[in-house]
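Student: 3D model of this:
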Amino acid sequence: MAYVAIGCQGLLTVVLLVATASKIRGARALRSFAASLTEMGLVRPRAAVPLAVAVAAAESATLVLLTVPATRRLGFAAGVLLFAVLTAGVGMVLARGSAAACRCFGASAEPLRRRHLVRNAALTGLAGAGLAAAGSGVATAGAIVAFAAGALAGLLVTVLDDVVALFTPLKTARENPWRT
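Tutor: Residues are numbered from 1 along each chain as shown. You can find the predicted model right below:
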């Protein structure tokens, strides 16, 4: 079961690294994320920047806790809490019928959809699985493979909207440059 925890750790590490970096890479990125929180109807404009900073700080703290061996279990627990809150936020936005863009992993014009809710719920579950499976006594080679597999899956999670777009047919000739 320790390999499951290591795989979950790899996945969550990549997801949190990309999410955090996309928000703190510059003032413009943080303001864009803050604006999306207002567009989603989660906060008033005045509270958007403080909430954006709090989300980035929570993601950063969870990332650090996950990557330090002595605090890995605490990192999984923090991940459960963080992703549960993010899942609830997406659920609230979807319940209101908002078409606000998801800026979870940087600049995106893609509005929040049910898949974002499922993604966040899955991340909550994976953090819980990592917490339940965390242990010791693994072979180094197995740990490397488990972490790498998890990290690759995490990378796919961060580009979920792009993957979905690859398999979504274009609707009009204007949207499809190959059609005449």
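
Student: Quick one: the helices in this structure, in order.
Tutor: In the chain, the segments counted as helices under DSSP state H are 2-24, 27-39, 45-67, 72-96, 114-133, 140-158, 160-166.

Student: Please identify the most buried of these.
Tutor: Mean neighbour count, computed with mean count of other Cβ atoms under 10 Å, is highest for helix 2-24 among the helices of the chain, reaching a mean of 23. (Glycine included, C-beta is placed from N, CA and C.)

Student: what does stretch 12-24 contact?
Tutor: 29-30, 33, 52, 55-56, 59-60, 62-63, 66-67, 75-76, 79, 103-107, 123, 126-127, 130, 150-151, 154-155, 157-158 (Cβ atoms under 8 Å, 6 or more residues apart in numbering).

Student: Let's see that with 7 Å instead.
Tutor: 29-30, 33, 52, 56, 59-60, 62-63, 66-67, 79, 104-106, 123, 126-127, 130, 151, 154-155, 157-158 (Cβ atoms under 7 Å, 6 or more residues apart in numbering).

Student: Using CSV, write out every CA atom in that stretch.
Tutor: Taking Å, rounded to 0.1, in the frame of the first residue of the first chain, the C-alpha atoms of stretch 12-24 are listed here in CSV:
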residue,chain,number,x,y,z
LEU,A,12,-0.6,15.7,-6.0
THR,A,13,2.9,17.2,-6.0
VAL,A,14,2.6,17.9,-9.7
VAL,A,15,-0.9,19.2,-9.5
LEU,A,16,-0.1,21.5,-6.6
LEU,A,17,3.2,22.7,-8.1
VAL,A,18,1.5,23.7,-11.4
ALA,A,19,-1.5,25.2,-9.6
THR,A,20,0.7,27.2,-7.2
ALA,A,21,3.1,28.3,-9.9
SER,A,22,0.3,29.5,-12.2
LYS,A,23,-1.0,31.8,-9.4
ILE,A,24,2.3,33.2,-8.1
